[in-house]
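Q: what's the 3D shape of this:
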Amino acid sequence: MFKRIGAPLALLVLFAVPGEAQNAAPNARAVLQAADRAMGVTNLRSVQYSGTGYITQTGQSYTSALDDTWPRFDITFTRTINYTTNSFREEQVRRQGTWPVRGGGLPMRPLVGEQRQVQFANGNFAWTVNAQGAPAAQNAAAEERQMEIVMTPHGFVRAALAAPDATVQV
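A: So this is what the prediction gives:
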């Protein structure tokens, strides 16, 4: 019932618009507001996501094989970001997993049991809580952790909407 007219119609629309308008940068505020509406950024207070995989520990590589270059640990994590307070909490659990232990000299190899760590950020403050429940200030990491919030899709749109000088380049 429908005919395929997508490509010729799109070309017709492109050629029907004057050349100057085709190259004009769109209004940054309008683009950001459209993204806000589509994603629900303004109404979103927090988001939580989790994942599993592996993490590597910098050390001496025992072989040049891509699957075996750095000592690996299995990891699970859950991160909760609160956009209203510009804060986050991330819990990580590391395990030895099935990765072979080669050589010696690296700390915590092999890892026995689980190693749990919880990281926090709130504004200009950052801290970590170790497996024993002891907090340790890490304010030098606050800027990096705030950047991690901004680098989420919702955080990016929020930050761009708050910027008085947001621009779009084509």
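
Q: how about stretch 153-160: buried residues?
A: Residues of stretch 153-160 classed as buried by neighbour count (16 or more other CB atoms under 10 Å): 154-155, 157-160. (Glycine included, C-beta is placed from N, CA and C.)

Q: what does stretch 42-62 give?
A: Buried-residue list, stretch 42-62, by 16+ other CB under 10 Å: Leu44.

Q: send the alpha carbons of it over as CSV?
A: Presented in CSV, the C-alpha positions along stretch 42-62 are these (Å, rounded to 0.1, in the frame of the first residue of the first chain):
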residue,chain,number,x,y,z
THR,A,42,14.1,17.9,33.7
ASN,A,43,11.8,15.5,35.5
LEU,A,44,14.4,12.8,36.1
ARG,A,45,15.8,13.0,39.7
SER,A,46,18.0,9.9,39.7
VAL,A,47,19.2,6.9,37.7
GLN,A,48,20.7,3.6,38.7
TYR,A,49,22.6,1.2,36.5
SER,A,50,24.7,-1.9,37.1
GLY,A,51,27.0,-4.2,35.2
THR,A,52,29.4,-7.0,35.3
GLY,A,53,32.7,-7.7,33.5
TYR,A,54,36.3,-7.6,34.4
ILE,A,55,38.8,-5.0,35.5
THR,A,56,42.5,-5.1,35.0
GLN,A,57,45.3,-4.1,37.4
THR,A,58,48.3,-2.4,36.0
GLY,A,59,51.3,-4.5,36.3
GLN,A,60,53.7,-6.4,34.2
SER,A,61,52.3,-8.1,31.2
TYR,A,62,53.2,-11.8,31.1
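
Q: pLDDT weak spots in the chain?
A: Residues of the chain that meet the criterion pLDDT under 70 lie in 1-24, 57-70, 99-110.

Q: so where do the strands sit in it?
A: Here the chain has its strands, by DSSP state E, at 46-56, 72-82, 87-95, 114-122, 125-129, 135-137.

Q: Nearest to Val150 among these would be which one?
A: Closest approach to Val150 among the strands of the chain (CB to CB): strand 72-82, 10.2 Å.

Q: Please report phi then psi for the residue most central in space within the chain.
A: Per CA atoms, centre = their mean, the C-alpha nearest to the average position across the chain is that of Thr152, at 5.1 Å. When quoted as degrees, to the nearest 10, the phi and psi of Thr152 stand at phi -80, psi 150.

Q: check contacts around the residue lying closest to it once chain neighbours are set aside.
A: Spatial nearest neighbour of Thr152, excluding adjacent residues (CB to CB, 6 or more residues apart in numbering): Ile81 at 6.4 Å. By CB atoms under 8 Å, 6 or more residues apart in numbering, the contact set of Ile81 is 46-48, 87-88, 149, 152, 155.
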